[in-house]
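Asker: Next come a sequence and a model predicted from it.
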Amino acid sequence: MFPRVVRHAASFCLLIFWLPTSSSPTPAKAARAASLDAEYASALAVADRLLQAWQAGDRENGIAMLTEHAKKGVNPADLDKFFSASDPSAYEINRGKRLRHRYEFPVVLVNRTANQLHRKFSTIVIVNTSNNDWAVDKLP
């Protein structure tokens, strides 16, 4: 009986020493975290500010963040409609991916119509215009 208790105790000790090392980040996760840089943070901040303007119905500040390309690609009536969000509105921004000098972020826009919440799945594209100046090149 004594040897079995010793075996279980030894197994338990190995498990205790193994658990803390198994919860450390894997090299793949560490590499992904290291790829987040100042450019990513700047692009994400612009996406967040644009969606805050959408949420607040702040057309003036929202349009100021758009590139000329984005402004030309959207009908002015659709732009007004985009920034006239109904209450309550909310959004989610998911992890973006780099595409040359731009980032694309998957987003979910949530708004209410006729007492029902609706989700719209889309993407927002943020482009580096120059000197680490970022702007919205594609609205969700």
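Answerer: Great, that's in hand.
Asker: Tell me the pLDDT of Arg95.
Answerer: Looking at Arg95, its pLDDT reads 96.
Asker: For it, what are phi and psi?
Answerer: phi -60, psi 130 (degrees, to the nearest 10).
Asker: Give the burial count for it, as a bare number.
Answerer: A total of 10 residues lie near Arg95 under the criterion other CB atoms under 10 Å. All C-beta atoms are positioned from the backbone trio N, CA, C, and that covers glycine.
Asker: mind checking the SS state of Phe121?
Answerer: Under DSSP: H, G, I helix; E, B strand; the rest coil, the three-state class of Phe121 is strand.
Asker: Skipping its backbone neighbours, what lies nearest it in space?
Answerer: Closest residue in space to Phe121, ignoring its immediate chain neighbours: Val108 at 5.6 Å, by CB to CB, 6 or more residues apart in numbering.
Asker: Count residues in the vicinity of that neighbour, would you?
Answerer: With other CB under 10 Å as criterion, Val108 counts 14.
Asker: Quick check: bridge partners of it?
Answerer: Beta-bridge partners recorded for Val108 (DSSP bridges): Glu92, Phe121.
Asker: tell me which residues in stretch 116-130 are buried?
Answerer: In terms of neighbour count (16 or more other CB atoms under 10 Å), stretch 116-130 has its buried residues at 124-128.
Asker: what's the farthest-apart pair in these?
Answerer: Using CB to CB, the buried residues of stretch 116-130 span at most 14.5 Å, a distance reached by Ile124 and Asn128.
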